[in-house]
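Participant: Kindly return the folded structure for what I paste below:
(chains A and B)
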There are 2 protein chains.
Amino acid sequence: MPGFPYFSSRQDVIPGSVFEKFQAKMASHGQNLMKLHIGDTYLPTRYPLPIASSLLEEHPDYNRYCNTFGLGSLREVLVDKLLCDNSLQVSRDQILLTAGATNALSISMMTLLNDGDEVLVLSPAWPFFFGMVKVAGGRVVDVPFYMKLYEEPGLDIADYLGEFITDKSVALYLNTPNNPSGKVLSHGQIEQVAEVTRKHDLWVISDEAYDGLTFDDRPHISIASLPDMFERTISIFTFSKSLMFAGLRLGYLTAAETVVKCLNKMMVHQIYSPSTLAQHMMVQPVATRAEWLPAVRQHYQQLRDVMAQRLRLDAPLPEAGYFFFFPVAEHLHGRDYWEVVEACLDEGVAVAPGDSFGASYGTYIRLCFTGEPRERLEKGIDRFNMVLFGRHK
Amino acid sequence: MPGFPYFSSRQDVIPGSVFEKFQAKMASHGQNLMKLHIGDTYLPTRYPLPIASSLLEEHPDYNRYCNTFGLGSLREVLVDKLLCDNSLQVSRDQILLTAGATNALSISMMTLLNDGDEVLVLSPAWPFFFGMVKVAGGRVVDVPFYMKLYEEPGLDIADYLGEFITDKSVALYLNTPNNPSGKVLSHGQIEQVAEVTRKHDLWVISDEAYDGLTFDDRPHISIASLPDMFERTISIFTFSKSLMFAGLRLGYLTAAETVVKCLNKMMVHQIYSPSTLAQHMMVQPVATRAEWLPAVRQHYQQLRDVMAQRLRLDAPLPEAGYFFFFPVAEHLHGRDYWEVVEACLDEGVAVAPGDSFGASYGTYIRLCFTGEPRERLEKGIDRFNMVLFGRHK
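Facilitator: Below you'll find the model as predicted:
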């Protein structure tokens, strides 16, 4: 029987660290251990770097390899963050730093899936996730979900999802707040998703990249905070969205310690570890998020409202995140969908085609309201309106 | 028939970028394209960062996603570097930035191997590479090689390697300068390796992580610079060793453009891209390497000589890199090998056990001479000597 609590057979073929069993002994020496076992340099970089000298001095390890699970200081502030913001009471050993949420999702699939295993992908879903399932040999079961919840908030989720379960189902991919739809699941809705995964022994991949960016004071619920859910869930977060640093390529996950160890073993075979320097840089921003994050969220909410007002069609109002997502089928007026996407480019506005987000969204469009300053955003929306509706509606 | 020029069947299941076909059209707009298609923020980070304000101002994209092939400015200086240092005349489109050489090796295996495909791993070899072959479903064919070349420089390499070829062989992993042996292959030796791969249609994974760190003015030859070798070779480099920044997790590779595109597709499904900020930080260090690298190399060579003098046993003198690698079987005096490794830890010196580097090295030890300052290095060597030989030889 596949699914929770079993791992992919790849876990058995890759070796763990030979030093793991010696860790306590090595730590017992403190600074008196001469480390001739790793391949590293003790020298600082010998060229000018655009980094504050205070960081270089306080953290002389900035240019060296670090613990592949992540810096202790960063995992420490993340323990607090996960408790305060996500109601997840975890220890430092239940956290793994990764090269963005992307990397966390990739190693999750490589760690959980054997050939032919099925993953319920609640869609619309982040396009790269489909590829990750396939790279790991899995099969995507595309479950139209989030747009349905806008139309039918009272959907019997447990019943609905049950129809997609087969004896090959091993995991479910949940992404709330959702990219691209902006849907945020309520506590009751998440409990129904949880119930399905408990009943069918599914792993849960909980992609919470847009955690911290909900609007109108809407709460974000982490599914792993529900009863009996932590052990089967890999909760995945990033520094790219609410922390505003996509260009740093840093993310993290929390899961049971056994799961974290398996994921780490897979990660060291993909990237070794995320950047030491990047991790040092993120300790303070996480610790001080209450001081600056509300203003960012407020700003994004204003941009959302700008787009809602200016867009000349009806689209579900995003409850979180960066995007509007909506169908344009009835505005094509005989034109081919891709012709319209290309016409947008000709007009000078790039839009994301819907079909990458799932099989049901071939005539949807995703628009981002946070990637351009307000003036350019408005110009972009106007151009989009023009392609769809001409100069006047 | 597997091997060059065929890719893994995984290539077919993962989709490419939907925007690729629109790239020229998008570029034609320049700054006048309103980018509502990607999920990003236009805001700079809203918290203090320990980064020079000059970088933040010159590169306002520092916190944003970048081209997944790498920053143009960095690929530009790497074009020069590859020509000057490696005799590789490549274009910008033949370069891919990665999250360290680790990531480049990982995506290479995932892109080239189908289940059961064999990879000739010339050993001793970097331990994680064995796992990468297995994660991708491949089979490691462990070929004892570099230590043999110290003993038998005139080895008929073409003949010797030919014995390990089967109809399942698809790739050969070459690592010169070699970790852990410090062996640097001569032009003639590399030509013989090349000959085997041409004859048997093998891909070549050329791990050149220690490029730039050869001693005694020994030249490093990139196998892809030999006739008819570029198309079948993925040449892999890192910013961790000669650039001294393992903690940045940045690397790069060069290969034929078709190969680079396939590798990129795999990489975006593992990490999306390496860090934008890290890439900006490395443009100048690469461009100015002639000013600071010779002194670093000279310093490492002195540390090598310190270890050579102080170590109370005969070991091949490393021709490059960070390590000594040698057998201790005849110094065990009835003790178990692992008992000795553990005794080193008890004495306060960590050493790397040889068996991770290949099946033939179960009683070898690797010692790093660059990871600790000279005084601590000497203390470490003394402790190691003491475990092996007692207080007096």
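Participant: Whichever residue of the stretch 1-150 of chain A sits closest to chain B and residue B:349: what is the separation?
Facilitator: Closest to chain B within the stretch 1-150 of chain A is residue A:34: 3.0 Å, counting by CB to the nearest CB. (C-beta placed from N, C-alpha, C; glycine too.) Using CB to CB, to the nearest Å, residue A:34 is found at 5 Å from residue B:349.
Participant: How about the contacts made by the nearest residue to the residue of the stretch 1-150 of chain A closest to chain B once chain neighbours are set aside?
Facilitator: Counting by CB to CB, 6 or more residues apart in numbering or on different chains, residue B:380 is the residue found nearest to residue A:34 once chain neighbours are left out, at 3.0 Å. Counting by CB atoms under 8 Å, 6 or more residues apart in numbering or on different chains, residue B:380 touches A:34-36, B:349, B:367, B:372.
Participant: any idea how far residue B:380 is from residue A:19?
Facilitator: According to CB to CB, residue B:380 stands 16 Å off from residue A:19.
Participant: For residue A:286, give its distance to residue A:95.
Facilitator: Using CB to CB, residue A:286 is found at 12 Å from residue A:95.
Participant: That should have said residue A:68, apologies.
Facilitator: 12 Å.
Participant: more crowded one of the two?
Facilitator: The neighbour count for residue A:68 versus residue A:95, taken as other CB atoms under 10 Å in any protein chain shown, is higher for residue A:95 (24 against 16).
Participant: so that one makes contact with residue A:67?
Facilitator: No. Counting by CB atoms under 8 Å, residue A:95 stays clear of residue A:67, with 11.3 Å between them.
Participant: For stretch A:86-104, which residues meet the burial criterion?
Facilitator: For stretch A:86-104, a neighbour-count test (16 or more other CB atoms under 10 Å in any protein chain shown) marks A:86, A:88, A:90, A:94-104 as buried.
Participant: Would you check which of those are in contact with chain B?
Facilitator: A:99-100, A:102-103 (CB under 8 Å from any CB of the partner chain).
Participant: Dump those into a markdown table; add secondary structure, distance to residue B:324 and pLDDT as well.
Facilitator: Formatted as a markdown table, those follow (DSSP: H, G, I helix; E, B strand; the rest coil; distance: CB to CB, whole Å; pLDDT from 0 to 100):
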| residue | secondary structure | distance to residue B:324 | pLDDT |
| --- | --- | --- | --- |
| A:99 | coil | 32 | 98 |
| A:100 | helix | 37 | 98 |
| A:102 | helix | 38 | 98 |
| A:103 | helix | 34 | 98 |
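Participant: Farthest-apart pair in these, please.
Facilitator: Comparing all pairs in those by CB to CB, the longest separation belongs to A:99 and A:102, at 7.1 Å.
Participant: what do these two both touch?
Facilitator: Common neighbours of residue A:99 and residue A:102, using CB under 8 Å, 6+ apart, are A:251, B:270-271.
Participant: Tell me the residues on the stretch 101-250 of chain A that lie near chain B, please.
Facilitator: A:102-103, A:106, A:110, A:127-128, A:130-132, A:134-135, A:179, A:241, A:243-249.
Participant: buried subset of the residues you listed?
Facilitator: Buried among these (16+ other CB under 10 Å): A:102-103, A:106, A:110, A:127-128, A:130-132, A:134-135, A:179, A:241, A:243-249.
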